[in-house]
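# Build me a structure from this.
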Amino acid sequence: MFENLQDRLQGVFNQLNRRGRLSEADVDAALREVRLALLEADVNFKVVKEFIGRIRERAVGVELSKKITPGQQVVRIVHEELLTTLGQPARLDLGGASPHVIMLVGLQGSGKTTAAAKLALYLRKSKHRPLMVAADTQRPAAIEQLKVLGRELDMPVYAEEASVPPPTICANAIKFAKAGAYNVVILDTAGRLQINEDLMEELSQIKAKTNPQEVLLVADAMTGQEAVRVDEGFHQQVNLTGLILTKIDGDARGGAAISIRSVTGVPIKFLGTGEKSNDLELFHPDRMASRILGMGDVLSLIERAEEVIDEDVAERGAKKLMEGNFNLEDFMEQLQQIKKLGPLNKIIEMIPGMGQMTNAVPQEDMEKQLKRTQAIISSMTIKERRNPKILNGSRKRRVAGGSGVTVQEINQLLAQFQQMQKMMKQLRNPRARQNLMNMFGGFR
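Residues are numbered from 1 along each chain as shown. Presented below is the predicted three-dimensional model:
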């Protein structure tokens with residue numbers, strides 16, 4: 001989502017690194033580029049103006065540290081001011097009497113129904129008992145869509161006939177939740193193509209009948225500054241408590257994420273990071289600021305790994321790798337684990353210093369290479385996977401025919417695998433491990 005903005009900002013910081021010290025002219029020239037980068041990313045003009053003003057005030061005349069470069073000094077200031085702009089982290093208010101009611105609002109096409117399912121799954125993982133309520137009677141397929149998602153996730157859905165008024169459906173759902181011991185009720189309300197009186201009247205009635213602790217706007221990040229205007233419109237009418245920003249995995253320029261808190265004062269609480277039901281993340285301003293500046297997001301990557309990766313498989317692979325017993329069968333097992341994390345380019349973006357790789361190697365090429373590698377290993381016998389050295393010419397031709405690749409590609413994979421084995425044997429030496437740690441320390 002932030003690729004273009006990352007590239008522009010990295011270019012600015014690299015230019016500053018060539019300076020021995022920062023003059024006022026250097027800062028002004030750099031900030032002009034930062035301003036253009038933010039405006040191109042569709043950040044609100046007033047937000048950009050205030051943001052640049054704060055950075056200039058801090059950067060001009062600052063005493064440069066001898067330990068870091070001028071570019072790094074400015075990166076630190078920009079990072080801190082981004083945190084100010086993005087605001088403090090906010091979490092769901094699930095206090096008070098049970099059931100706790102979460103009301104989802106938004107325009108048609110913003111992803112409310114999918115967000116309801118994602119939120120329900122998130123809450124169930126947090127030991128809650130959520131009930132989803134199909135209160136969107138305007139869109140013909142909305143009720144059935146929520147039911148389908150409920151069946152897929154084994155999640156309860158309360159629904160009535162489309163002829164029943166949504167405020168009545170929601171009020172009945174609260175009674176049903178109390179009787180069934182559900183402690184969180186998620187209301188999937190109707191949207192419109194644009195904000196209008198009928199929509200707001202219906203939402204106001206639902207809110208009056210259910211008294212929700214949370215009123216969350218589901219906003220599409222792909223709409224840029226339009227998401228900010230939608231947020232303002234809903235906030236004036238139903239007093240929003242937070243936002244779920246969806247589709248941030250798309251090619252949106254990122255302006256909504258940066259602008260929305262500063263303009264409206266409404267906190268972002270969740271980010272929709274993909275189409276799957278578990279693609280919902282808590283919003284962490286510090287992590288987003290790091291991703292915007294191309295610094296990666298290791299904490300989110302770790303949390304994702306803890307959620308989807310089999311710990312025993314990962315530990316077994318790591319142990320065999322360090323012992324020098326890692327073979328292609330183990331490699332295949334680890335590739336299966338990596339695939340669970342999501343698209344490779346998204347994983348790489350989260351690793352500090354690796355963001356530029358996503359531009360150098362297209363996502364399609366990464367995925368093709370991964371599939372090709374799996375196809376090659378799958379076409380080998382168990383004996384060949386465990387001992388690749390027995391792969392002679394005739395065996396390689398058989399594997400090539402079975403996997404739809406050339407013998408040359410098989411040779412390349414084997415050469416890369418042997419190089420990895422050689423490197424891991426070297427790392428069993430304590431001095432080599434320390435040298436590697438020192439090398440990565442240089443990227444901080």
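
# What are the buried residues along the host helix or strand of Ala219?
Using DSSP states H and E, Ala219 falls within strand 214-220. Within strand 214-220, the residues scored as buried using 16 or more other C-beta atoms under 10 Å are 214-220. Every residue, glycine included, has its C-beta placed from N, CA and C.

# Could you do stretch 170-179 as well?
170-171, 173-174, 176-177.

# Can you pull the phi and psi angles for the residue nearest the centre of the chain?
Residue closest to the mean C-alpha point of the chain, counted by C-alpha atoms, centre = their mean, is Thr273 at 4.2 Å. Thr273 has phi and psi values of phi -110, psi 10 when expressed as degrees, to the nearest 10.

# And for the residue nearest to it when sequence neighbours are not counted, the neighbour number?
With sequence-adjacent residues excluded and distances taken as C-beta to C-beta, 6 or more residues apart in numbering, Thr273 is closest to Asp279, at 4.7 Å. For Asp279, the neighbour count with other C-beta atoms under 10 Å is 18.

# now the strands: where do they sit in the stretch 51-200 of the chain?
100-105, 130-135, 157-158, 184-189 (DSSP state E, counting those that start in this stretch).

# so what secondary structure elements neighbour the shortest one?
So that's strand 157-158. Other helices and strands packing on strand 157-158, by 3 or more C-beta pairs under 8 Å, 6 or more residues apart in numbering; DSSP states H and E, are strand 130-135, helix 142-153, helix 166-180.

# For that strand, which outside residues touch it?
By C-beta atoms under 8 Å, 6 or more residues apart in numbering, the residues outside strand 157-158 that reach it are 131-134, 146-147, 149-150, 169, 172-173, 176-177.

# hang on, the earlier thing: can you list the strands of the stretch 51-200 of the chain in JSON lines and add distance to Glu24?
Listed next are those as JSON lines, based on distance: least, C-beta to C-beta, whole Å:
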{"stretch": "strand 100-105", "distance to Glu24": "47"}
{"stretch": "strand 130-135", "distance to Glu24": "55"}
{"stretch": "strand 157-158", "distance to Glu24": "61"}
{"stretch": "strand 184-189", "distance to Glu24": "52"}
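
# Let me have the ones you listed in a markdown table, extended by mean pLDDT, mean neighbour count and distance to Val399.
Shown next, in a markdown table, are the strands of the stretch 51-200 of the chain (pLDDT from 0 to 100; neighbours: other C-beta atoms under 10 Å; distance: least, C-beta to C-beta, whole Å):
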| stretch | mean pLDDT | mean neighbour count | distance to Val399 |
| --- | --- | --- | --- |
| strand 100-105 | 96 | 25 | 51 |
| strand 130-135 | 96 | 27 | 48 |
| strand 157-158 | 96 | 23 | 48 |
| strand 184-189 | 96 | 28 | 50 |
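
# how about those strands, which one is nearest Ser259?
strand 100-105 (19.5 Å; C-beta to C-beta).

# Packing partners of the host helix or strand of Glu384?
If you go by DSSP H and E, Glu384 is part of helix 382-386. Applying 3+ C-beta pairs under 8 Å, 6+ apart, one finds that helix 382-386 contacts helix 328-340.

# From the contact counts, what lies against the helix it packs on?
helix 311-323, helix 363-378, helix 382-386.

# Can you tell me which of those has the worst average pLDDT?
Here the lowest mean pLDDT among these goes to helix 311-323, at a mean of 70.

# can you list the weak-confidence ranges in the stretch 51-200 of the chain?
Applying pLDDT under 70 to the stretch 51-200 of the chain flags the ranges 61-72.

# quick revisit: what average pLDDT does the strand holding Ala219 get?
On average, strand 214-220 scores 92.

# State the next helix or strand along the chain beyond it.
Going down the chain from strand 214-220, the next helix or strand is helix 225-238, by DSSP H and E.

# and that following helix with strand 184-189, angle?
Using axes from the mean of the first three to the mean of the last three C-alpha atoms, to 10 degrees, one finds that helix 225-238 and strand 184-189 are set 110 degrees apart in direction.

# follow-up on the earlier one: buried sites along the helix holding Glu384?
For helix 382-386, by 16+ other C-beta under 10 Å, it's 384-385.

# ok, how many other residues are close to the closest residue to Met420 other than its chain neighbours?
The shortest distance from Met420 to any residue other than its chain neighbours is 8.0 Å, reached at Phe326 (C-beta to C-beta, 6+ apart). Here the count is done by other C-beta under 10 Å, and Phe326 has 19 residues near it.

# what about Phe326, distance to Gly191?
51 Å (C-beta to C-beta, to the nearest Å).

# cool, Ser379 as well?
As judged by C-beta to C-beta, Ser379 and Gly191 stand 49 Å apart.

# Break the protein down into its structural domains.
Here the domain assignment for the chain is 3-86, 100-295, 303-441, based on automatic domain parsing.

# so which of the ones you listed comes closest to Asp93?
domain 100-295 (4.9 Å).

# Can you read off the pLDDT for Val47?
Note on Val47: pLDDT of 87.

# thought it was touching Thr264?
No. If you go by C-beta atoms under 8 Å, Val47 and Thr264 don't touch, sitting 10.9 Å apart.

# Based on its surroundings, how many neighbours for Val47?
Using other C-beta under 10 Å, the number of residues around Val47 comes to 20.

# what helix or strand is it on?
helix 45-59.

# contacting residues around that helix?
Residues contacting helix 45-59 (C-beta under 8 Å, 6+ apart): 22, 27-28, 31, 34-35, 38-39, 43, 73-74, 77-78, 81-82, 84-85, 258-259, 262-263.
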